[in-house]
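S.K.: dropping the sequence and predicted coords here.
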Amino acid sequence: MTTREVEHEITVAAPAGTVYRLIAEVENWPRIFPPTIHVDQVEHTAREERIRIWATANGEPKNWTSRRTLDPEALRIGFRQEVTTPPVAAMGGTWIVEPLDTDRSRVRLLHDYRAIDDDPAGLRWIEEAVDRNSRAELAALKGNVELAVATAELTFSFEDSVRVQGDAKDAFDFVNEADRWPERLPHVATVRFEEPAPGLQSLEMDTRAKDGSTHTTKSYRVCFPHHKIAYKQVTLPALMTLHTGHWTFTEGADGHTTATSQHTVVLNTANIAAVLGADATVADARQYVQGALSANSRATLGHAKDYAEKRRS
């Protein structure tokens, strides 16, 4: 079978150690790589790990399992897909971070791949996906690493929780069944919902704000019954350049459930004046975004609580 090899690279205005750490710690990936929806660390040691990745390729959500070998001394990370998705027969490669000076690094991303049955159409699809995703990943890595080094105030995380006198499964089901949100949640006007594979969802919805206006967002969601739903927004409101998060449902020994909505946001400073006025600050934008997201999360959690408690009674 034919193995293709390609290489992409970019220069980043950040120390090599910082760049390596952001690539090595997979919880960062939805924040720094646009195609990545969610990464689940299945097993790991100090030098090796097995991870499951959900990401978009050519606009389609896919998932695969990879093994990685970490070499922090050499600033290299090898990866090999363990379970691939057609048309990919095999996929692997290496991240290599090379210090140029104390504040600049070269990042090289190597790939090798094969298509099922050497199918020419499959090879073209993989070639296009690898090229598009590699360029997007490296550009995003550069932008997000340089942003993280320059300022930390634009990125923040927060969460809201409720205590539910009901089963985790029922609270999970309420959030999982997003196609029913327009009839269950007053702030959701319409929903366009698809589940191309079990547990992998595409959710586009029009949400009503307090002033009566509506805005459209689109997210990809990865669902782990009945304890977690991770998501990444790909169509964002004007004040955000990134929004990821997860819903978790934890059942305690007393039979009660804690339902939590967690958000991680990067503010879009370019739109602050247009949205909030010429005198608005980053702090104002942070307060506004957190308030809006928390209001919707608390509303959804409250309805999920009512649903689960009614189901138990």
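M.R.: Happy to help now that I have it.
S.K.: show me this structure divided up by domain.
M.R.: According to automatic domain parsing, the chain comprises the domains 4-150, 155-312.
S.K.: quick one: end-to-end length of the shortest one, please.
M.R.: By Cα to Cα, to the nearest Å, the extent of domain 4-150 from end to end equals 37 Å.
S.K.: strands along the stretch 201-313 of the chain, start to end?
M.R.: For the stretch 201-313 of the chain, the strands defined by DSSP state E, counting those that start in this stretch cover 214-224, 228-235, 240-251, 257-267.
S.K.: lowest-pLDDT helix or strand in this protein?
M.R.: helix 29-32 (a mean of 86; mean pLDDT, DSSP states H and E).
S.K.: quick one on the thing from earlier: among the strands of the stretch 201-313 of the chain, which is nearest R208?
M.R.: strand 214-224 (5.4 Å; Cβ to Cβ). For every residue, glycine as well, the C-beta is placed using N, CA and C.
S.K.: now the domains of the chain as CSV including mean neighbour count?
M.R.: Putting the domains of the chain into CSV (neighbours: other Cβ atoms under 10 Å) gives the following:
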stretch, mean neighbour count
domain 4-150, 17
domain 155-312, 17
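S.K.: where does the prediction get shaky in this structure?
M.R.: 151 (pLDDT under 70).
S.K.: who does F79 bridge with?
M.R.: F79 forms beta bridges with R68, G93, as assigned by DSSP bridges.
S.K.: got a list of what it touches?
M.R.: S66, R67, R68, T69, G92, G93, T94, W95 (Cβ atoms under 8 Å, 6 or more residues apart in numbering).
S.K.: distance check, it against A209.
M.R.: Distance, F79 to A209, using Cβ to Cβ, to the nearest Å: 42 Å.
S.K.: quick revisit: of the strands of the stretch 201-313 of the chain, which is nearest D131?
M.R.: Closest among those, using Cβ to Cβ: strand 228-235, at 19.8 Å.
S.K.: which strands border that closest one, and is each parallel or antiparallel?
M.R.: Using DSSP bridges, strand 228-235 pairs in its sheet with strand 214-224 (antiparallel), strand 240-251 (antiparallel).
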